[in-house]
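> here's my sequence, what's the structure:
(chains A, B, C and D)
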There are 2 protein chains.
Amino acid sequence: MAFTLEQLRGFVAVADELHFGRAAARLKMTQPPLSRQIQKLERAVGAQLLERDNRRVTLTAAGEVFLTEARRLLALADTAPEVARRVSSGSSGIVRIGFTAASTYGILGGLLNDLARELPDVDVDLAEMVTREQVAGLLDEEIDLGLARPPFDAESFGSRLLHREPMLVAARTGHRLLELGRPVTAADIGAEPVVMHSPTRARYFYDLVVGVVPVASENAVHVVSQVLTMLWLVAAGRGIAFVPASAARLPIEGVGFVRLATPVPEPVELHLLWARQSRNPALRRVLEVLERHTVSA
Amino acid sequence: MAFTLEQLRGFVAVADELHFGRAAARLKMTQPPLSRQIQKLERAVGAQLLERDNRRVTLTAAGEVFLTEARRLLALADTAPEVARRVSSGSSGIVRIGFTAASTYGILGGLLNDLARELPDVDVDLAEMVTREQVAGLLDEEIDLGLARPPFDAESFGSRLLHREPMLVAARTGHRLLELGRPVTAADIGAEPVVMHSPTRARYFYDLVVGVVPVASENAVHVVSQVLTMLWLVAAGRGIAFVPASAARLPIEGVGFVRLATPVPEPVELHLLWARQSRNPALRRVLEVLERHTVSA
DNA sequence: TTGATTGATACCTTGCCGGTATGGCGTTCA
DNA sequence: TGAACGCCATACCGGCAAGGTATCAATCAA
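The predicted structure follows:
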C-alpha cells in the first residue's frame, strides 16, 4: 500500500513540532487520526520514522532522510499546479517561430526583444525556413508562428502585415546604375545581366520583380533563392540583383544599393502568420503582445 | 482543495494510453471513477489538462508540462521509501548526482569507482540531465551534485574543474576534412553544412563553436542539443558536427573524428557542481573524497 | 440509419477518515 | 509514594467520498 500526500503533511508537521498534539492543532485536526496517519505512513514506507517514547518524540535516522524527501515532494506538489496554470494561461510556454533569412536583418531582433520583455517566461525556438516550409510547418504544428511573405490561404491562417519595405537594386561598387542619383526604372536596366530569384523557391520576389522589370527573365545569369547568395554573386561581378531594402544591412564588401522604381513605393511585405487551429496557449499571448508591436522602418 | 497521488497516477495512465478505458484497465479499476479522478485533478490544478473530444483524448499544453511534473512527483514518491529503508538498514547517506550524457563517456565511471571504494556506505543515485536542469535541481535539492559545464552562479554554487578536453570535428568516414592530417581550422570548413548546437539548450557548446568558427551559423542544416543525435545526423551524411573529444568513444558506425584547432588546446570544461546551501551530510564526505580524485585523460 | 465505441452522469454501497471517549504509561510534585 | 497530569495509542461511531453498475450522449463507420 502506498502513502498519501496527507500523510506526508502530517509527518512533516510532527517532525517540525516533535509533538503530536501541537502538530494536530497546526493541521486543524485532533491528535488521534494524526497518530494513525503516521502509523500508516510508517507501514507504507517500511521503516520506523519516529521514536515515540511516551514522553518525547524524536526522528530516527531514516525519518531524518525521509523528512527531506517528504519536504521536497510537498514543495513539488505545491508548485506543479502553478506551473500548469502558467502554461494554460499562456504566460509561460514555448513558441516556435519560423522565419525567412531576409527577415532576420529587418525586424526579427526587435520583435524578439519585445517578446522577451513582455513575456519573459515564454521560450522562443527559432527555425529558419522559407515561406513554403513555414506554411507546411504551421499546418502540422511543427511551428506556431511564421514570418513569411504572401501568398497564403486566409482560411486556415491568421495573418497580419508586419512590415513593408522598398525594393533595391544591388550592383557592384562603381556600377553605372548606382551613379544615376534617382530610382532605377526598367528602361535603365536594359540588357544588364541579372542574378534572378528562383520562380519556385522564391516565388514572391520572382513575381514582384517580373511585374516591374518585364525583361528580367531574359538576362538571368543565375537563379538562386537566398538573398545572401545573390549578394555574393553580385560582389563577384556576375550581374545585378533585386533585393529587399533590409538586405542593405548585410555587410557585403563591394556591393552598393539603389532604389528600384515600383508602382507601389514599398512593395515587399512581411507578414506574421499563424495557424488558426493552433491550441498553443502561449501563441495567443504572443499574438497579443505582437498586436501592439510596431516595426521601426 | 489539493490533489492526491492516486489522481496523479490516474492522469499519467490516461496520458500514456490516451484512452480512459485502457488506462482504467491498467489501474485495475473501471472507467467512470477514473473520469471523475481526472475531473477533480483538473479542478485542483486549476487548468484543463486533457482535451476530450468524445472520440479521442489529447494532452493540452498545460497537460504536457503537468505530466512531466506528475512523473517526477511519482518517481520521487516511489523512491522516497526506498531511501528511508536503506538508511534504516545501515547506509549512512545518499548522494544524488546529475550528469550530462556526454560526461558519461569520459569520467563518470572512474569517479563512481572512487566513491564506491572510499565510501561504501554512501549510496549514489544517478540522474541524467542537462546543465540547466542540474542548476535547477541543485537549487531545489533534487540532486546534491552535478557534472556540468559553465556558466553557473559562483554565489550559490561551489564548483571545481574536473576535466578538460579538446574539441573534435565529426564527419562521415572518407570526408575530406578527415584526410588533412592536421587540426581543422575555420578556413578548412568553408561552406560545409554543419549540424549545429542549439543556442538555447546547448548554449555552452554553441558559444564555444561560434567563437571558433564564425561562419558556422550560416551553414547550419540542423539544430539539436544531444551529442548522440548530432553523430547520427553526421552518419546520415547531413553534415559535419563539432563535439567534445569524449564523444569519439561513442560507437557510431561511419563517423570519423579530427581535432578542431582552437585558441585554447582543451576548451571543453566539465565541472563538479554543488549547492553551497546543501545540508546533506553525505555530500561533505563525497566532496572530500572527490577533492583527491584526479581524472585520467 | 444503425450499431459500436467512448467518455460522462446518476445512483448505490462500502470503506476510510476524522471525531469523541478512553486507556496505558510515564513523569512530576506534594 | 501516590495522585494528578501529560502524551500517545486504541476503540468505536458517523459522515463523506471513492468505486462499482447501469445508462446516457455524442460521434464515427458501415
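
> residue of the stretch 151-297 of chain A nearest DNA strand C, please.
residue A:279 (17.0 Å; C-beta to the nearest atom of the strand). All C-beta atoms are positioned from the backbone trio N, CA, C, and that covers glycine.

> distance of that residue from residue A:264?
37 Å (C-beta to C-beta, to the nearest Å).

> what count of nearby residues applies to the residue of the stretch 151-297 of chain A closest to DNA strand C?
For residue A:279, the neighbour count with other C-beta atoms under 10 Å in any protein chain shown is 13.

> for beta bridges, what are the partners of the most centrally placed residue in chain A?
The centroid of chain A falls nearest to residue A:124 when counting by C-alpha atoms, centre = their mean (3.0 Å). Beta-bridge partners of residue A:124, counted by DSSP bridges, are residue A:95.

> how far away is it from residue B:257?
33 Å.

> quick one, helices of chain A?
Applying DSSP state H to chain A gives helices spanning A:5-17, A:20-26, A:31-45, A:61-89, A:101-103, A:109-118, A:131-139, A:186-189, A:203-212, A:227-235, A:281-291.

> give the buried residues for the first one.
Neighbour counts using 16 or more other C-beta atoms under 10 Å in any protein chain shown place A:5, A:6, A:7, A:8, A:9, A:10, A:11, A:12, A:13, A:14, A:15 of helix A:5-17 among the buried residues.

> hmm, it in reach of DNA strand D?
No - using C-beta under 7 Å from any atom of the strand, helix A:5-17 stays clear of DNA strand D, coming no nearer than 7.9 Å.

> on contacts alone, who are the packing partners of that helix?
For helix A:5-17, the elements it packs on are helix A:20-26, helix A:31-45, helix A:61-89, judged by 3 or more C-beta pairs under 8 Å, 6 or more residues apart in numbering or on different chains; DSSP states H and E.

> so of the ones you listed, which one's packed in deepest?
helix A:61-89 (a mean of 19; mean count of other C-beta atoms under 10 Å in any protein chain shown).

> so where's the stretch 51-200 of chain A shaky on pLDDT?
Scanning the stretch 51-200 of chain A for pLDDT under 70 picks out A:101-106.

> list the contacts for residue A:129?
A:98, A:99, A:100, A:137, A:143 (C-beta atoms under 8 Å, 6 or more residues apart in numbering or on different chains).

> dump those residues into CSV; add distance to DNA strand D and neighbour count as well.
What follows is the contacts of residue A:129, written out as CSV (distance: C-beta to the nearest atom of the strand, whole Å; neighbours: other C-beta atoms under 10 Å in any protein chain shown):
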residue, distance to DNA strand D, neighbour count
A:98, 29, 26
A:99, 35, 23
A:100, 36, 24
A:137, 25, 19
A:143, 26, 26
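
> and those residues, which of them are in strands?
Judged by DSSP state E, these include A:98, A:99 as members of strands.

> and DNA strand C, which of the contacts of residue A:129 reach it?
Answer for these near DNA strand C: none qualify (C-beta under 7 Å from any atom of the strand).

> could you dump the contacts of residue A:129 to TSV with distance to residue A:177?
Below are the contacts of residue A:129 laid out as TSV (distance: C-beta to C-beta, whole Å):
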residue	distance to residue A:177
A:98	34
A:99	30
A:100	26
A:137	38
A:143	38
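
> how many residues are close by residue A:270?
With other C-beta under 10 Å as criterion, residue A:270 counts 25.

> measure the nearest residue to it once chain neighbours are set aside to residue A:262 for me?
Nearest non-adjacent residue to residue A:270, counting by C-beta to C-beta, 6 or more residues apart in numbering or on different chains: residue A:163, 4.4 Å away. Look at residue A:163 and residue A:262: by C-beta to C-beta, they are 16 Å apart.

> so who does residue A:62 touch?
A:45, A:47, A:48, A:49, B:84, B:85, B:87, B:88.

> list the residues that contact the residue lying closest to residue A:133 once chain neighbours are set aside.
Nearest residue to residue A:133 in three dimensions, chain neighbours excluded: residue A:98, at 7.0 Å (C-beta to C-beta, 6+ apart). If you count contacts by C-beta under 8 Å, 6+ apart, residue A:98 has them with A:126-129, A:133-134, A:137-138, A:143, A:145-148.

> what does the stretch 1-150 of chain A put close to chain B?
A:2-6, A:44-49, A:60-66, A:68-70, A:72-73, A:75-77, A:79-81, A:83-85, A:87-89, A:93, A:123, A:125, A:127-128 (C-beta under 8 Å from any C-beta of the partner chain).

> from these, which are also near DNA strand C?
Answer for these near DNA strand C (C-beta under 7 Å from any atom of the strand): A:4, A:6.

> for the contacts of residue A:129, which one is nearest residue A:29?
Nearest to residue A:29 out of the contacts of residue A:129 is residue A:143 (C-beta to C-beta; 51.8 Å).

> what about the closest one, distance to DNA strand C?
29 Å (C-beta to the nearest atom of the strand, to the nearest Å).

> that residue and residue A:134 touch, don't they?
Yes - between residue A:143 and residue A:134 a contact is recorded at 6.6 Å, counting by C-beta atoms under 8 Å.

> coming back round to it: would you list the buried entries among the contacts of residue A:98?
By 16+ other C-beta under 10 Å, these give A:126, A:128, A:129, A:133, A:134, A:137, A:138, A:143, A:145, A:146, A:147, A:148 as buried.

> so what pairs up with residue A:99 in the strands?
residue A:128, residue A:147.

> chain center to stretch A:190-206, what's the gap?
Distance of stretch A:190-206 from the chain centroid (C-alpha atoms, centre = their mean, to the nearest Å) equals 31 Å.

> for residue A:142, which non-adjacent residue is closest in space?
Here the residue nearest residue A:142, using C-beta to C-beta, 6+ apart, is residue A:96, at 7.2 Å.

> the one you found and DNA strand C, how far apart?
Following C-beta to the nearest atom of the strand, the distance that separates residue A:96 from DNA strand C is 28 Å.

> tally of neighbours for that residue?
Quick note: residue A:96 (other C-beta under 10 Å) scores 20 neighbours.

> for chain B, see how far away residue A:132 is.
According to C-beta to the nearest C-beta, to the nearest Å, residue A:132 and chain B sit 17 Å apart.

> need the contact list for that residue.
residue A:201.

> can you do 10 Å?
If you count contacts by C-beta atoms under 10 Å, 6 or more residues apart in numbering or on different chains, residue A:132 has them with A:148, A:152, A:200, A:201, A:202, A:203.
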